[in-house]
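Chemist: predicted model and sequence follow; I will ask about them next.
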Amino acid sequence: MTTELTYTIRTIPFDEDYHPADGTRATTNFANLARGPRRQENLRNAFAMIDRRFNALADWDNPDADRYKVELEIVTAEIAIGTTAFPLIEILKPTILDGETGKRIPGIAGNNFSSYVRDYDFSILLPQHNAGRDEFALPQDFGRLHGNLFRRFLGSSAYRTAFAKPPVICLSVSSSRTYHQTANSHPVLGVEYSQNAQSATDLYFGEMGLRARYFMPRGAVAPLAFYAGGDLLNDYSSLELIGTIGTMETFQRIYRPEIYNANAAAGLCFRPGLTHQDYSLTRVEYDREERSRLAVQQGKLAEEKLIKPYGPILEVWSASHAA
């Protein structure tokens, strides 16, 4: 007999009054903005950037570029193992407000992706595995447990009740890869790029059933990585896709300005890097070094609270639910 995991979902508005909950990963993009003496100004500026970018892309029947606003909710998925509950995943859910019609249009769940288990895998397990090695290598079945936990979440009644469509996760491109512009173009996502080889993140998300495609939207300076399990180009409406672009391009401009707030756009061949100096800063404060330190701390928390006490149970569960 195998252990069954129960998934539950909690949501909280992400607005200028947001304060991170105790169970929120401190490295999560939105939690970083909501700390310090300028927390409310940070949040207000970030939301203004999201709305401006959304209206710039949704420019039809929008002559003053102010028709739409984007509201965001933080979605936390918890798993229960017996009587123990643990915050597994956090994603964002946009809702698009049409100021002309008064309609509230659901956006795509996903966008940002935060996971304690991923912190453990990348900040604890992966460095331990490569300690003393001459060449970087991934552990056997790296990301398999996390992938099965995520797939099971998407198949849970909690997810199906809350969301009508599969998620799309939008991340930065990898600074260890080279991207080449292709002839393919999408009216909203923009020009598509391909890469020379899959990154560790690509392989990790592959275990989650998600495949990466790379697009640079109109007005952007670098491609974004879109991870989806279905048909990214045909399963979602234009406004849904713009909601994801507006939200996540804003985060990337804040967190990786060297790439996404660069003063020159990516060309036919693009190698992103965090050492480039020709970029502009936003008016949003962010401590990137602190975020790196916290990732290790939270990986240790996942190890202490979940992996060590429940690792054998989870491995048996994962093997029985392998995709």
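Modeler: That came through fine.

Chemist: name the element Tyr159 belongs to?
Modeler: Of the helices and strands defined by DSSP states H and E, Tyr159 is found in helix 157-162.

Chemist: all helices of the stretch 51-200 of the chain, in order?
Modeler: Counting by DSSP state H, counting those that start in this stretch, the stretch 51-200 of the chain has helices at residues 116-120, 126-130, 144-154, 157-162, 200-207.

Chemist: ranking the ones you listed by burial, who's on top?
Modeler: Ranked by mean neighbour count, those are led by helix 116-120 with a mean of 24 (mean count of other Cβ atoms under 10 Å). C-beta here means a position set from N, CA and C on the backbone, and glycine is covered the same way.

Chemist: residues touching the helix holding Tyr159, excluding its own?
Modeler: Tyr7, Thr8, Ile9, Thr11, Val75, Ala77, Ala109, Phe153 (Cβ atoms under 8 Å, 6 or more residues apart in numbering).

Chemist: so what's the gap between it and the chain middle?
Modeler: Here helix 157-162 is found 20 Å from its chain centre; the criterion is Cα atoms, centre = their mean, to the nearest Å.

Chemist: spit out the contact partners of Ser176.
Modeler: Ser199.

Chemist: make that Arg213, sorry
Modeler: Glu192, Ala225, Phe226, Ala228, Leu232.

Chemist: so which of these is the closest to Met216?
Modeler: When those are compared for distance to Met216 (Cβ to Cβ), Glu192 wins out at 8.1 Å.

Chemist: give me the nearest residue to His276, chain neighbours excluded.
Modeler: Nearest residue to His276, sequence neighbours excluded (Cβ to Cβ, 6 or more residues apart in numbering): Glu258, at 4.6 Å.

Chemist: so the one you found versus Leu232, what's the distance?
Modeler: According to Cβ to Cβ, to the nearest Å, Glu258 and Leu232 sit 26 Å apart.

Chemist: do the same with Thr8
Modeler: Thr8 is 28 Å from Leu232, by Cβ to Cβ.

Chemist: ok, the two, which is more surrounded?
Modeler: Leu232 (22 against 13; other Cβ atoms under 10 Å).

Chemist: spit out the contact partners of that one.
Modeler: Counting by Cβ under 8 Å, 6+ apart, Leu232 has contacts Val168, Leu189, Arg213, Phe226.

Chemist: ok so, going back, in ChimeraX, how would I select the buried members of the contacts of helix 157-162?
Modeler: Here is the ChimeraX command that selects the buried residues among the contacts of helix 157-162 (16 or more other Cβ atoms under 10 Å):
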select :7,9,75,77,109,153
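
Chemist: related to what we said a few turns ago, got CSV for the helices of the stretch 51-200 of the chain, with distance to Leu92 too?
Modeler: Converted to CSV, the helices of the stretch 51-200 of the chain look like this (distance: least, Cβ to Cβ, whole Å):
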stretch, distance to Leu92
helix 116-120, 16
helix 126-130, 26
helix 144-154, 15
helix 157-162, 13
helix 200-207, 17
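
Chemist: quick one: which of those is nearest Ser237?
Modeler: helix 157-162 (18.6 Å).

Chemist: where along the stretch 1-150 of the chain do the strands fall?
Modeler: Ranges of strands in the stretch 1-150 of the chain, per DSSP state E, counting those that start in this stretch, are 6-14, 68-81, 84-98, 104-106, 110-115.

Chemist: which of these sits most buried?
Modeler: strand 110-115 comes out most buried of the strands of the stretch 1-150 of the chain by mean count of other Cβ under 10 Å, with a mean of 23.

Chemist: which secondary structure elements does it contact?
Modeler: helix 29-33, strand 84-98, strand 168-172, helix 238-255 (3 or more Cβ pairs under 8 Å, 6 or more residues apart in numbering; DSSP states H and E).
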